[in-house]
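>>> Okay, here's the prediction I keep looking at, along with the sequence it came from:
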Amino acid sequence: MSEKKYNPYENMLAVLKQSAEALGLAYEDYVTLCYPERELKVSIPIKMDDGSIQVFEGYRVQHSSARGPCKGGIRYHQNANMDEVKALAAWMSFKCAVVNIPYGGAKGGIKVDPSKLSRDELIRLTRRYTTRILPIIGPDKDIPAPDVNTNGEVMAWIMDTYSMFQGHCVPGVVTGKPVEIGGSVGRVEATGRGVTIITYECLKTYGMDKSTAAIAIQGMGNVGGTAAEIFYENGQKVVAVSDYTGGLYSKDGLNIPAIRKFIAAGNTLDQYTEDGVKHITNDELITCKCDVLIPAALENQITEDNADRIQAKLIIEAANGPTTVGADEILNKKNIILCPDILSNAGGVVVSYFEWVQNIQNLTWDLDEVNKMLNKIMLKAYKEVLDLSKEKQVTLRMAAYMVAIRRITTAGKLRGGPISMG
Ligand code: GLU
């Protein structure tokens with residue numbers, strides 16, 4: 001492990017500073033982006049099934065509302081903490097700006113291992129958390145969505161709790177809801193689908209043959225699992241996948257539908273067996289023999305400790321913040337192309353935006369329309385980032401941040417600047 005403790009917020013600040021300087025901005029021009037607009041830490045006492053009371057810690061951070069209402073997911077994870085949520089909120093501001101949807105950025109979380117709670121306990125936790133953050137969320141203030149270990153069902157509980165307090169149904173307060181209560185078709189698959197759209201574009205740009213490219217995916221949750229399935233259906237070769245218990249590798253390609261079915265039945269990958277399939281560790285997955293590496297789990301996975309050993313030629317960041325700043329430098333030196341999270345995984349929030357637009361207008365779109373618009377927005381954003389990276393001779397990460405920071409700081413300036421009301 002690296003000597004210095006990884007801090008996602010410092011990681012975010014380092015990239016922000018570097019790209020703002022590359023844009024020729026002075027510190028005063030982007031200083032507002034170095035601080036979240038609002039940080040809320042809450043305590044969430046709930047009655048456990050055995051009658052005892054446990055108090056959990058929760059967060060909601062709004063990084064920027066310069067371009068519109070704040071937007072971003074809520075994660076339930078035992079390691080969630082304020083620095084992580086602050087970084088994730090900032091990444092949401094940059095993500096919404098790079099794909100040019102009219103939102104700022106936010107993120108929330110609860111420090112909890114949800115696998116240790118019963119469903120009833122989870123409902124109580126979610127409802128109490130919602131009441132704690134209720135004053136700062138709303139369809140035109142801040143709109144939560146699913147993230148790590150949360151899903152449509154959790155969004156439905158949030159929507160219900162919020163609506164109870166308003167006295168009427170407010171579907172637009174969250175996105176990623178079940179379709180039956182105002183969710184959008186295509187939202188569950190949107191992040192994974194977006195990852196595949198970007199992967200195909202990168203393969204084309206960098207002259208790689210998709211029919212022979214070997215793809216390795218870390219994480220088989222909603223994002224990694226959906227991407228793996230789409231690649232498989234399209235005839236691509238997914239040679240490695242993993243979950244938190246470890247990974248599987250087969251140089252001829254894995255049977256993704258069988259693996260997903262196995263996981264959906266409540267199993268973990270360490271229990272999976274199939275002829276010709278080898279068990280590997282998560283570190284071995286990151287460094288395995290492949291052409292395309294897709295980290296789709298958590299942050300801090302590609303680090304100075306393993307970047308040197310990576311064999312992939314192309315990395316598509318499907319997780320938020322999987323690569324450290326130090327690892328980025330190593331990858332650059334090795335001429336490994338990396339498409340950054342704020343672009344690669346933006347498909348989820350793009351379809352969240354469609355869901356919110358449908359909710360506000362009481363409309364429902366069909367899947368064709370959703371996927372067509374998703375495709376259009378992802379391709380446009382990719383082209384803008386690629387063009388700028390060529391023009392300025394910078395990496396795709398730098399170019400994506402430059403596009404985003406330019407849009408956010410321009411919005412801030414047009415609104416009169418941070419001290420105009422002082
Ligand atoms: N949690 C997802 C992300 O990190 C989606 C956020 C949203 O849809 O608001 O992009």
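Okay, I see it.
>>> What residues does the stretch 151-300 of the chain have near the ligand?
Contact residues (Cβ under 6 Å from any ligand atom) of the stretch 151-300 of the chain with the ligand: 175-176. No exception for glycine: its C-beta is placed from N, CA and C like everyone else's.
>>> Taking the stretch 151-300 of the chain, what residue is nearest to the ligand?
The minimum distance from the stretch 151-300 of the chain to the ligand, using Cβ to the nearest ligand atom, falls at T175 (5.4 Å).
>>> do the chain as well
For the chain, Cβ to the nearest ligand atom, closest residue to the ligand: G73, 2.8 Å.
>>> surely that residue meets V154?
No - in this structure, G73 is not within contact of V154 by Cβ atoms under 8 Å, at 10.2 Å.
>>> anything in contact with each of those two?
Common neighbours of G73 and V154, counting by Cβ atoms under 8 Å, 6 or more residues apart in numbering, are P146.
>>> Just want the phi and psi numbers for A399.
A399 has phi and psi values of phi -60, psi -40 when expressed as degrees, to the nearest 10.
>>> now for whichever strand or helix holds T410, which elements pack on it?
Taking DSSP states H and E as the definition, T410 sits inside helix 396-414. The elements that helix 396-414 packs onto, with contact taken as 3 or more Cβ pairs under 8 Å, 6 or more residues apart in numbering; DSSP states H and E, are helix 8-22, helix 27-30, helix 82-98, strand 337-339, helix 341-344, helix 367-392.
>>> Pull out the buried positions in that helix.
Across helix 396-414, burial judged by 16 or more other Cβ atoms under 10 Å covers 396-409, 411-412.
>>> now stretch 307-315
Judged by neighbour count (16+ other Cβ under 10 Å), stretch 307-315 contains these buried residues: 307, 310, 312-315.
>>> likewise stretch 256-267?
Neighbour counts over stretch 256-267 (16+ other Cβ under 10 Å) mark 256, 259-260, 262-263 as buried.
>>> Same check on stretch 91-102?
Using 16+ other Cβ under 10 Å as the test for burial, stretch 91-102 gives 91-101.
>>> which of the residues you listed sit farthest apart?
Pairwise distances across the buried residues of stretch 91-102 peak at 16.0 Å for W91 and N100 (criterion: Cβ to Cβ).
>>> returning to that earlier point: check the gap between the residue of the stretch 151-300 of the chain closest to the ligand and S184 for me.
Noted for T175: a distance of 8 Å to S184, by Cβ to Cβ, to the nearest Å.
>>> The two: who's more crowded?
More neighbours surround T175 than the other of T175 and S184, with 31 against 24 (other Cβ atoms under 10 Å).
>>> and the helix holding T410, how far out from the chain's middle?
How far helix 396-414 lies from its chain's middle: 19 Å, per Cα atoms, centre = their mean, to the nearest Å.
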